[in-house]
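# Show me the folded form of this:
(4 chains)
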Number of protein chains: 2
Amino acid sequence: MLKPPTIVDVAREAGVSIKTVSRVLNRDPSVKVSTLRRVNDAIDELRYLPNLAARSLPGARNYTIALLFENAISDYQGKALKGAIERCRQAGYRVFPEPLDVTSPDQDEALKDILRGLRVDGLILVPPLSDNPRVLAIIDRSRIPYVRVSPQVDVYRSAFVKMEDERAVFEMVTYLAGLGHQRIGFIGGNSDHPSSSLRLAGYRRALDERGIAFDPDYVEPGLFTFPSGLEAAERLLAQPIPPTAIFGANDEMALGALAQAHRLNLHVPEDLSIAGFDDSIFSSVGWPQLTTIRQPTEEMAAEAAAILIDGMARDVAEDGSATHRILPFELVVRESTAAPRARNE
Amino acid sequence: MLKPPTIVDVAREAGVSIKTVSRVLNRDPSVKVSTLRRVNDAIDELRYLPNLAARSLPGARNYTIALLFENAISDYQGKALKGAIERCRQAGYRVFPEPLDVTSPDQDEALKDILRGLRVDGLILVPPLSDNPRVLAIIDRSRIPYVRVSPQVDVYRSAFVKMEDERAVFEMVTYLAGLGHQRIGFIGGNSDHPSSSLRLAGYRRALDERGIAFDPDYVEPGLFTFPSGLEAAERLLAQPIPPTAIFGANDEMALGALAQAHRLNLHVPEDLSIAGFDDSIFSSVGWPQLTTIRQPTEEMAAEAAAILIDGMARDVAEDGSATHRILPFELVVRESTAAPRARNE
DNA sequence: TTGTAAGCGTTATCAA
DNA sequence: TTGATAACGCTTACAA
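The predicted structure follows:
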């Protein structure tokens, strides 16, 4: 039993030709039900698993997709990878994680080489790669189908999966206002980052609906990093009339705001409410733990994989829009948010 | 130019047979230098890349290794994956990340299926899988070569890569004592976790060398999680004579200790020094940033991949020990440690 | 509804 | 030191 069983063994066991076994493997509907049963029994009996290398050699498919990401594998990217792997496993696909060094001088050539060598059925791009114009241009030319996760720019350029960004921010700010906060600080991304304007739009819409005047002094740019969040919070809290709540456009910046609060001996959430965005691992390694928005990261990557496996990445609807899925988010209330103190009002 | 070039194209271009090209690809020493040159020129000329699927079909090798990890892809596991991928790329190998659900009831069968379907040349196990006896037993039976990263138990059972755990703790504690700390708290792992005893040994040895008496009240078990670190620090700091420094056996627990310090309005590092272990992303998302031990995680996984690629995973030295590498660590001093206040002495 | 035969791009065998 | 040719396990024509 050293060698794993092949399609030939299954065919012999089931008393059919290998072509019929192949049909069963590929869900060809033209197989008689009784034959189908016998073949499936033989497959179970022998514990047969198709050899992917042998499958991809003659065929058009490779049963493989790659997940491209930028340099390090962050918490977010790890989740995406996990989601993609899980979904692929069910379909008999595998996934290659491919780290790209976007800073290297010969970036373009390196990427082309990778794409040529990969021989995959599709690509998943996760942020910030999803919006990297040079990378997108090269991939477009490679003709490999791809799906972007959480693209912000030119979303209909390709198939994509995202969540309702603007609405998530809207709900968080509405929640904070509902607690009684009138002065809500916002730490966004740097202004040239496309997602920033969307998130800011959600912030403004929530303020509008609650009848709170928009005050540009309560909006600070950040870099989606811990130190940038700390500095932004420093500026916000140095205002003559500081905010009673701060919403960071990701968890790391919110954690930075939390650190700044500690520095100023401000109690969270009594003196200051802080909310994040992502529900990353960071939201639970601060004290108190962060109220945040849970992004369906694993699910988004899983959907992206599904689109690729189903061969829909290239499809275009009648209205010209690419295949896409919008997934729901979740407001996760933890300990870092509460009603403001009366005297703050 | 739709189809990528094959070995046949290269052979034609170089004016040799495909077998000779194959020899060059596999570094067969029996190729004449002049022939070697011509073939390599043709390869460069055509930008030829071997088709891995075709390579693995007839051959004994699959040019693929898998990295097994438990459930989620943590920061640590992401780094390991990155390191393995990078090293594999250089050698023309690819890596499959394989998440294992160790909690599932049919764990064993699921793992066997995965191993059967994988068809890889080797496996890399990262903690905590490296010490999972059930997983190890099944893998041993599968006969697939494997390398463990940072095993703690029965290390010579297989090839492995690790760093000098005990000495890293020793150096950190020595560093803290050198700053003038006499009362150094230690948050270790749970006592049945094998790495705990090693790290504790390093702690005790450092105390010994500095002539500081060991006090069991300054040692608290933890679970390698943020909340467990917070609670352990709570107990340590509630002592009648609390420690002036706390060393957490990983960054998450150290971060928990940091949160507890904030809770008690203790200034770090003035009132309390805190040090972590791992140099994970967590060490830079607290305030102040943590002094820590940098584990060479990427390098360890890269070395594990190299052992597999070189086919040394099964080798046994004359003294009966398996192939292994011990990698150096690095003491990373940041802002969370300083000399204790004089009045604390 | 099922089967036969010809590849797919490599490596392995054996001969030259 | 090199080359012809048969595998490897599967899919894809093309038949039956």
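
# from here on, contacts and neighbour counts on C-alpha atoms
Will do.

# mind showing which ranges of the stretch 1-150 of chain A have poor pLDDT?
A:1-2 (pLDDT under 70).

# how about the helices in it?
Remark: helices assigned in the stretch 1-150 of chain A by DSSP state H, counting those that start in this stretch are A:7-14, A:18-25, A:33-46, A:52-56, A:75-90, A:107-118, A:133-142.

# gap between the first one and the chain center?
Relative to the mean C-alpha coordinate of its chain, helix A:7-14 is positioned 42 Å out (CA atoms, centre = their mean, to the nearest Å).

# Next, the buried residues of it.
Buried residues in helix A:7-14, counted by 16 or more other CA atoms under 10 Å in any protein chain shown: A:7, A:9-11, A:13-14.

# which residues does whichever residue of the stretch 1-150 of chain A sits closest to chain B contact?
Residue nearest to chain B within the stretch 1-150 of chain A: A:A53 (4.4 Å; CA to the nearest CA). Under the criterion of CA atoms under 8 Å, 6 or more residues apart in numbering or on different chains, the neighbours of A:A53 are A:62, B:52-54, B:56-57.

# Can you tell me which of the residues you listed are buried?
Buried among these by 16+ other CA under 10 Å: A:62, B:52-53, B:56-57.

# Please list which of the residues you listed are also close to DNA strand C.
Taking CA under 7 Å from any atom of the strand as the test, DNA strand C is in contact with B:52, B:56-57 out of these.

# Just put those in TSV and tack on distance to DNA strand D.
Shown next, in TSV, are these (distance: CA to the nearest atom of the strand, whole Å):
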residue	distance to DNA strand D
B:L52	11
B:S56	7
B:L57	4
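
# check which helix or strand covers A:L236.
Take DSSP states H and E as the rule and A:L236 turns out to sit in helix A:226-237.

# does chain B sit close to that helix?
Yes: counting by CA under 8 Å from any CA of the partner chain, chain B is contacted by helix A:226-237 at A:226-227.

# Now that helix - C-alpha only, CSV.
Extracted in CSV, the C-alpha atoms of helix A:226-237 (Å, rounded to 0.1, in the frame of the first residue of the first chain):
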residue,chain,number,x,y,z
PHE,A,226,-0.3,52.7,16.3
PRO,A,227,2.0,55.8,16.6
SER,A,228,0.0,57.8,14.1
GLY,A,229,-3.1,57.1,16.2
LEU,A,230,-1.3,58.1,19.4
GLU,A,231,-0.3,61.4,17.8
ALA,A,232,-3.6,62.1,16.3
ALA,A,233,-5.3,61.5,19.7
GLU,A,234,-2.7,63.8,21.2
ARG,A,235,-3.8,66.6,19.0
LEU,A,236,-7.5,65.9,19.4
LEU,A,237,-7.3,65.9,23.2
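
# Mind listing what's buried along that helix?
For helix A:226-237, by 16+ other CA under 10 Å, it's A:226-234, A:236-237.

# With pLDDT and distance to DNA strand D as new columns, can these be given to me in TSV?
Converted to TSV, these look like this (pLDDT from 0 to 100; distance: CA to the nearest atom of the strand, whole Å):
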residue	pLDDT	distance to DNA strand D
A:F226	92	49
A:P227	92	52
A:S228	94	51
A:G229	96	52
A:L230	95	55
A:E231	96	56
A:A232	97	55
A:A233	97	57
A:E234	97	60
A:L236	97	60
A:L237	97	62
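
# Closest to B:P145 out of those?
Nearest to B:P145 among those is A:F226, at 41.3 Å by CA to CA.

# Correct me if wrong: that closest one contacts A:A259.
No: A:F226 is beyond contact range of A:A259, at 9.1 Å (criterion: CA atoms under 8 Å).

# any idea which residue sits dead centre in chain A?
Centroid-nearest residue in chain A, with CA atoms, centre = their mean: A:T297, separated by 3.9 Å.

# Return the backbone torsion pair for it.
Dihedral pair for A:T297: phi -60, psi -50, per degrees, to the nearest 10.

# Not counting residues beside it along the chain, what's closest to it?
Leaving aside its chain neighbours, A:T297 sits nearest to A:A80 (5.6 Å; criterion: CA to CA, 6 or more residues apart in numbering or on different chains).

# how far away is the residue of the stretch 1-150 of chain A closest to chain B from A:R204?
According to CA to CA, to the nearest Å, A:A53 and A:R204 sit 53 Å apart.

# which residues does A:F277 contact?
By CA under 8 Å, 6+ apart, the contact list for A:F277 reads A:248-251, A:254, A:292-295.
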